[in-house]
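Chemist: give the three-dimensional model of this entry:
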Amino acid sequence: SLLAEGGTDLLQILAIFAVAAFFFGFGALLVGRLLRPNRPNPDKITAYECGELPLGPGWVQFDLRFYVVALVFLVFDVELALFYPWAVVFGGGGTTEAGGAPTADALHSIRWAAMWDMLFFFGVIVVGFLFLWRFGYLDWVRTTRTARAEARPPTTENGTRTLDDARFRQTVNEFAEAPAQART
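Modeler: Residues are numbered from 1 along each chain as shown. From the prediction side, this is the model:
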């Protein structure tokens, strides 16, 4: 391994590359800042809406369900990106010979460890997906707080219910079966 044979050389090279990358990035931003003209204009600070004039304020409430869908997509996209190389290497049995690829014997010795690692990784993702599914985060249309409050039985001043439990269950079931349009 490179770290065992000449670890200090490798660390020095990585440090040089990290410093160079920082200065190239920072230097490009600094040169751009120094060379560009500074002409403030009200049109430059408005939001760009595909060439059209903006309609309404830029700060609007955005439905959080879009974020959940985007995060679920990203999780499964990253999962696919991590599963693909593993599947390619183990699907071919490691028989490629060029480029210092692992041999079939080397892959055979670690196949069960790699299998359990991938199954654990997949299990964690499935548990997260089941959590989202169980608590209704994947449902696009969810019950609102007002709808749940309307399903509660009427109470007296001291907080006791005026309906018995069977009648309450029947009221809740009727409410749940009623179409959403009837509630509005």
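Chemist: walk me through the domains of this structure.
Modeler: According to automatic domain parsing, the chain is divided into the following domains: 1-60, 65-142, 145-183.
Chemist: and the second one, what's its mean pLDDT?
Modeler: Rounded to a whole number, the mean pLDDT of domain 65-142 is 78.
Chemist: how many residues are close by residue 65?
Modeler: For residue 65, the neighbour count with other C-beta atoms under 10 Å is 14. Yep, even glycine has a C-beta here, placed from its N, CA and C like the rest.
Chemist: can you offset everything so residue one is 262?
Modeler: That works, and once the first residue is 262, the last one we named lands at residue 326.
Chemist: residues contacting it?
Modeler: Going by C-beta atoms under 8 Å, 6 or more residues apart in numbering, residue 326 touches residue 401.
Chemist: quick check: the gap between it and residue 399.
Modeler: Using C-beta to C-beta, to the nearest Å, we find residue 326 at a distance of 9 Å from residue 399.
Chemist: helices or strands up against the host helix or strand of residue 381?
Modeler: Using DSSP states H and E, residue 381 maps to helix 365-395. In terms of contacts (3 or more C-beta pairs under 8 Å, 6 or more residues apart in numbering; DSSP states H and E), helix 365-395 is packed against helix 326-352.
Chemist: and the angle for the helix it packs on with helix 365-395?
Modeler: Orientation of helix 326-352 against helix 365-395 (axes from the mean of the first three to the mean of the last three C-alpha atoms, to 10 degrees) gives an angle of 160 degrees.
Chemist: so where's the longest helix in this structure?
Modeler: helix 263-296 (DSSP state H).
Chemist: what helices or strands is that helix leaning on?
Modeler: Applying 3+ C-beta pairs under 8 Å, 6+ apart, we find helix 263-296 packed against no helix or strand.
Chemist: what pLDDT, on average, does that helix get?
Modeler: What helix 263-296 shows for mean pLDDT is 87.
Chemist: mind listing what's buried along it?
Modeler: For helix 263-296, the neighbour count (16 or more other C-beta atoms under 10 Å) marks no residue as buried.
Chemist: export stretch 375-391 as CSV, just CAs?
Modeler: The C-alpha trace of stretch 375-391 is given here as CSV (Å, rounded to 0.1, in the frame of the first residue of the first chain):
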residue,chain,number,x,y,z
ALA,A,375,-19.3,-7.3,0.6
MET,A,376,-22.7,-9.0,0.4
TRP,A,377,-23.4,-8.3,4.1
ASP,A,378,-22.2,-4.7,3.7
MET,A,379,-24.6,-4.1,0.8
LEU,A,380,-27.5,-5.9,2.5
PHE,A,381,-27.0,-3.7,5.6
PHE,A,382,-26.8,-0.6,3.5
PHE,A,383,-30.0,-1.6,1.7
GLY,A,384,-31.7,-2.5,5.0
VAL,A,385,-31.0,1.0,6.4
ILE,A,386,-32.5,2.6,3.3
VAL,A,387,-35.6,0.3,3.4
VAL,A,388,-36.1,1.1,7.1
GLY,A,389,-36.1,4.8,6.2
PHE,A,390,-38.5,4.3,3.4
LEU,A,391,-40.9,2.2,5.6
